[in-house]
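1. I would like to see how this sequence folds:
(chains A and B)
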Amino acid sequence: MRVTFTANGKPVEADDVWEGESLLYVLRERVGLPGSKNACEQGECGSCTVYLDGLPVCSCLVAAGQVQDREVRTVEGLAEEDGELGLVQQAFVDAGAVQCGFCTPGLLVQTDALLERDAQPSDTDIREALSGNLCRCTGYEKIMDAVRLASARKCAASGEGDQK
Amino acid sequence: MTTRTVQGEKNLQKIHQSSKDGIGGSPLRPDGHLKVRGEFAYSSDMWHEDMLWGTALRSPHPRATILSVDISEALKVPGVYAVLTHEDIPGEKYYGLEIADQPALAIDKIRYHGEAIALVAADHPETARRAVKKIKVEYEVLTPITTEEQCLDPETHGYVHEPHEYKSHAYGNICHEQKLVSGLGVTDEVRALADVIVSGEYEVGMQDQAFLGPESGLAVPAEDGGIDLYIATQWLHVDRQQMAPVLNLPQEKVRLTLAGVGGAFGGREDLSMQIHACLLALHTGKPVKIVYARDESFFGHVHRHPAKMRYEHGATRDGKLVFADCRIVLDGGAYASASPAVVGNAASLGHGPYVIPNVAMHAIALYSNNPSCGAMRGFGAVQAAFGYESQMDKLAEALGMDPVELRQLNAVTQGDFMPTGQEIDAPAPVAELLQRVKDMPLPPPLDLEHLDVRTLPGALSNTSHGEGIVRGVGYSVGIKNVGFSEGFDDYSTARVRLEVIGGEPVAMVHTAMAEVGQGGVTVHAQIARTELGVEQVTIHPANTEVGSAGSTSASRQTYMTGGAVKLAAEAVRHELVEKGRHRYGWTQTDIALVGGKVVSASAGVLISMVDLLGDEVIEQTREHHHRPTVPFDKETGQGFGHVQYTFCANRAVVDVDVELGLVKVVELTAVQDVGKALNPLSVVGQIQGGCTQALGLAVMEEIVVKDGKVRNASFTDYLIPTILDTPPIPVEILERPDPNAPYGLRGVGEAPTVSATPSIVAAIRQATGKALTRIPVRPEHLTDTL
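-> Numbering: from 1, shown residues only, chains lettered A, B, ... in the order given. Alright, predicted model coming up:
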């Protein structure tokens, strides 16, 4: 089958898609967006998290046919329009939250979604929001640092830093 | 040919940072930007026009005789290009890290659940999977040999490898054994010298490395009849060494390039899909990509050895250790992998960082029909640490002593001797590490008035509002060797080039080091900046076009390859300065390279490096060998077997729901001596990550094997700690330089994984009063509902 959808703001078209293929497979192997990662392919690790119509989902659990005419945003779409790193991306680099980095794309999307909902989450809020994303390298401490850093920068940028 | 493998070139990192980013600084990862953009090319991201997908048929039985294999129906599936069995292997059929006892594809026999029997290449991964299901195998299913008792009685239960099949000097079902005796050994007379004796039996389950990036790679057949493999591995050259004879190719025609690696932790030290992808590619003449699904990953790599241990310790009334008697039985599974070296570590480090006048030790690894076990972070020292640290707590209780004071009283220090007779000839601040971890502030006590149930055991499941929760605190310390031991000539190679590019001096570092996330690429650039006084450093992609870097394991890469980069950079510096001396007649003896200039402390700036270099390129290649070691004596275990020791101390604070048996680690503190922190940010990251894997082993991680069959080969059923399971991990770093090591550094990555597990179990014991002799600790152990 043919599947057409929007990926990071651009229309894409994938031909000869087998009906059992996941959105993750189509993104990685057919559309040329390998940023979303294939670690467990059963929705347990969060490495393949993407936005689907603005909500974070595990793209390995979404059948390719389900995204017909919908909007997908991947880690490749988190950078600014001028190509600069997005705020969450920069915070992960600065905090040393990237080691092997395989979990990073999924964590970035999930963190981006968290801070969109709540720009100043508590530590427990962060842990709850990211509990579906496994990381095997960092011990999560630097990921916590990165989310706190991104939160602080986001609040500073929008002048909300002193509200809480 | 168009190929996205060139995306690997994007991994070539150019670093624009100031020279404050030399050693001791914390410059950011050169690959960080690519990784957060999703542009870093991991091995599973490799892509080639017209490529095929490979997959393997794996045995559903742990032990069987293969009566027949019929591939005819599989070959008829549209889109299938090849179906291969061991009969299609052109060269040697066996390979192995230390002992070539593992067939690349099963021959007549199945020795473990998940063993690969046949391979398929097809135009789509689903086509390949469907074709695999059409391969008909007739088995004679045999009763698997799975327990220690069965393994040690081959007359009754049979051999995993028949005696005539042995590729090693093994006998029975024992893969390797190491005895150790020091002092008077442990006799009745020695026992009589102790006022207090405690003994215990301990068991460690089978842990998995569970790296996130699946085993994967792309094999591309070359016009010269050779093969190019883009691969995630820990050691390119040892892969090639094992692959070439099987492929029947000379080593130089097997070219490996490191693709992005999504974690390793020992699990990529053995071959997985390397030979399979190359066989399919050479057979079909097309590029072949293999990417393991998660269940195949659990079958396709070796795990941490499960262990059964018996310890007996004796001490005087005032707490001085008198003797230790120990037996460690490691289940090595179907094939040897790194079992011999793991046994050597367990035997030589199995008494912990303590001075013990009289020691007897017997460590063995068994062949069984369980999954193969080999390298995992901590490598034989992890299992033993659970045993000896449990004993230290038991002994402290028997003596009525504080468990930290008992450890400090017996802690080794520089100048002491290990039970192997090896003198500890570098700082060993074990007692200080314990003191510092004890002195760190404790987290606030549980506040039932203002608690957030998400922070309790059971967390989001809302299983408690504070009732039934008891807090405990536990301590531990551990010892780990750095580098390959027992006489192995462990070396690494580095090539460093200096030239002028765009009006600036630029250094290029080329090694075969596998960057698996540990941060070697960052540190290599720091070393080059420090030694050459340049700002810009390029890290060349790791491949087999330069000499071996050895393995990214054994906490050795910064020591070994970092050391090689230092030597090569020093040689480049020497050549550059000599060029200046020859040309300008400099006579100063205090010449150095700083900030892109050649300077003398006495005479100031002599010349800029750009002017001195001109159009010339200086390139030097050096090998770094560590000081020699010797094998342990087989009967006494004596010998200078280890290059360097490294130590970490931990404190765990846990909350336990004693009604439900649920555990929440509240805080896990670590203090480690790293000799010299070349990159403090990365060092802390390694320590926190290592502690978290130890937490996993303590309370959740285990591959459940029943009658030789793996029951939980998925991330749904094999649990690794999430961010909710993982507490804050405060880290304090000590820097006591090792005079034998480059910059005084000490390997970092494994020590916390050795030491942290026992601290968590000790804390749970303190909270519950349970003996807890098996890890991972499960709810049924805490609620007596086994």
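2. which stretches of chain A have low pLDDT?
-> Applying pLDDT under 70 to chain A picks out residues A:160-164.
3. centre-most residue in it?
-> In chain A, the residue lying closest to the centroid (CA atoms, centre = their mean) is A:V109, at 2.0 Å.
4. B:G300 contacts B:E215, correct?
-> Yes - judged on CB atoms under 8 Å, B:G300 makes contact with B:E215 at a distance of 5.5 Å. Quick note: C-beta positions are derived from backbone N, CA and C, even for glycine.
5. isn't B:K109 up against B:P62?
-> No - counting by CB under 8 Å, B:K109 does not reach B:P62; the two are 11.3 Å apart.
6. more neighbours: which of these two?
-> B:P62 (29 against 18; other CB atoms under 10 Å in any protein chain shown).
7. what are the phi and psi values for the residue of chain B found nearest chain A?
-> Using CB to the nearest CB, the closest approach of chain B to chain A is made by B:G38 at 2.1 Å. Backbone dihedrals for B:G38, given as degrees, to the nearest 10, come out at phi 80, psi 20.
8. A:R153 now?
-> Here is the backbone geometry of A:R153 (degrees, to the nearest 10): phi -70, psi -40.
9. point me to the residue of chain A nearest chain B.
-> Closest residue of chain A to chain B, CB to the nearest CB: A:G35 (2.1 Å).
10. look up the closest residue to that residue, ignoring the ones flanking it.
-> In space, and not counting its chain neighbours, A:G35 is closest to B:G38: 2.1 Å by CB to CB, 6 or more residues apart in numbering or on different chains.
11. what's downstream of whichever helix or strand A:Y51 is part of, the next helix or strand?
-> Using DSSP states H and E, A:Y51 maps to strand A:49-52. Downstream of strand A:49-52, the first helix or strand assigned by DSSP H and E is strand A:55-58.
12. for that following strand, name the packing helices and strands.
-> Other elements packing on strand A:55-58 under the criterion 3 or more CB pairs under 8 Å, 6 or more residues apart in numbering or on different chains; DSSP states H and E are strand A:49-52, helix A:104-117.
13. go again with 10 Å.
-> Using 3 or more CB pairs under 10 Å, 6 or more residues apart in numbering or on different chains; DSSP states H and E as the contact test, the elements touching strand A:55-58 are helix A:23-25, strand A:49-52, helix A:104-117.
14. and the contacts of stretch B:614-622?
-> Applying CB atoms under 10 Å, 6 or more residues apart in numbering or on different chains, the contact partners of stretch B:614-622 are B:492-500, B:507-508, B:510-511, B:532, B:546-547, B:563-576, B:579, B:612.
15. of the residues you listed, buried ones?
-> B:492-500, B:507-508, B:510-511, B:532, B:546-547, B:563-569, B:571-573, B:576, B:579, B:612 (16 or more other CB atoms under 10 Å in any protein chain shown).
16. if we can go back for a sec, hmm, the residue nearest to the centre of chain A is touching A:S36, no?
-> Yes - assessed by CB atoms under 10 Å, A:V109 is found in contact with A:S36 at 8.3 Å.
17. returning to what we had before: any common contacting residues for B:G300 and B:E215?
-> Common contacts of B:G300 and B:E215 (CB under 10 Å, 6+ apart): B:G267, B:L271, B:S272, B:M273, B:I290, B:Y292, B:A293.
18. now the last one. Nearest residue, chain neighbours left out?
-> Yep, that's B:A293 we're talking about. Leaving aside its sequence neighbours, B:A293 sits nearest to A:E41 (CB to CB, 6+ apart; 6.2 Å).
19. same check, this time on the third one
-> Counting by CB to CB, 6+ apart, the nearest residue to B:S272 once its immediate chain neighbours are dropped is B:E215, at 4.1 Å.
20. okay then, goodbye and thanks.
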